[in-house]
Every structure is written in structure tokens, then in C-alpha cells.
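Q: model the following, please.
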Amino acid sequence: MNTSDPKATPMKKLILAGVAAFALASSSASAADMPVKAAPVAAPAPVFTWTGCYIGVEGGGAWGRSQHIGAADDAAISGFPISDSFNLHGGLVGGTSGAIFRSAKSSSGRRATARG
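A: Alright, predicted model coming up:
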């Protein structure tokens, strides 16, 4: 091969470019196979905890009107009222209080409930 031939120079450049591209492609593929050690991730600090005191109030009420009607199995009184009408009403009031302590491995606490 004659190096002074002007047609040989583009072919050498093409071969050199092909070898360089192959070397570049093969080196990046082997880098992807290398193990990567990631830095250890620290656990985030807890934002919320169940430690603390609590207090609560509850209440409710009901009202209505009732009358007892005779049972269907007794023909003499079936479907007839067997008592006068009467009103029903009542209510409930109560409360809850307590405290709880939560550590990394356990929780403990006290609770009190009152209703009237």
C-alpha cells in the first residue's frame, strides 16, 4: 500500500474512526457492569409521635313516642293497643382523658372514662 496515495487517507481515517467508536462503546459497556456502592441512607427523623396527653367529651340524646300493640298470635288483642302512648327521652354525657408514652420499642399509658 502506498501512503502517498491520496485515496488511501480517507480510508485510514474511516478505519481509525471505527476503531475509536468500538473502543468507546465497549469501554462504557464494561463500566456499567461495575458494582456501585451506594452511601447508606439515614432514617428520617419521626415527624409525629403518639406521646402526650388527651382529653375528650362525648354526648348525645334521643327522644320519641311509643305505644305497645298486641301480638299477632293472640287473636283477642292482635293489632290493638295494649298500653297508652308514652314519650321517650334521654341523654348521655361523658368524657375521656389520659396520657400515653411511646418509646422506640413499647408504649404505656393511663386512661380514665366517666359517663353519666
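
Q: elements contacting the helix or strand Ala112 falls within?
A: If you go by DSSP states H and E, Ala112 is part of strand 107-115. Under the contact criterion of 3 or more Cβ pairs under 8 Å, 6 or more residues apart in numbering; DSSP states H and E, strand 107-115 touches strand 86-102. C-beta: built from backbone N, CA, C; applies to glycine.

Q: residues making contact with the strand it packs on?
A: Under the contact criterion Cβ atoms under 8 Å, 6 or more residues apart in numbering, strand 86-102 has outside partners 49-67, 107-116.

Q: tell me the secondary structure at Ala17.
A: With DSSP: H, G, I helix; E, B strand; the rest coil as the basis, Ala17 sits in helix.

Q: any idea how many residues pack against it?
A: Counted with other Cβ atoms under 10 Å, the neighbours of Ala17 add up to 10.

Q: same check, this time on Ala39
A: By other Cβ under 10 Å, neighbour count at Ala39 equals 5.

Q: let me see the backbone angles for it.
A: Per-residue torsions, Ala39: phi -70, psi 140 (degrees, to the nearest 10).

Q: let me know the pLDDT of it.
A: pLDDT recorded at Ala39 is 81.

Q: state the distance from it to Gly52.
A: The gap separating Ala39 from Gly52 is 35 Å, by Cβ to Cβ, to the nearest Å.

Q: what's the answer for Thr113, then?
A: 18 Å.

Q: now swap in Gly70 and tell me
A: Distance, Gly70 to Gly52, by Cβ to Cβ: 57 Å.
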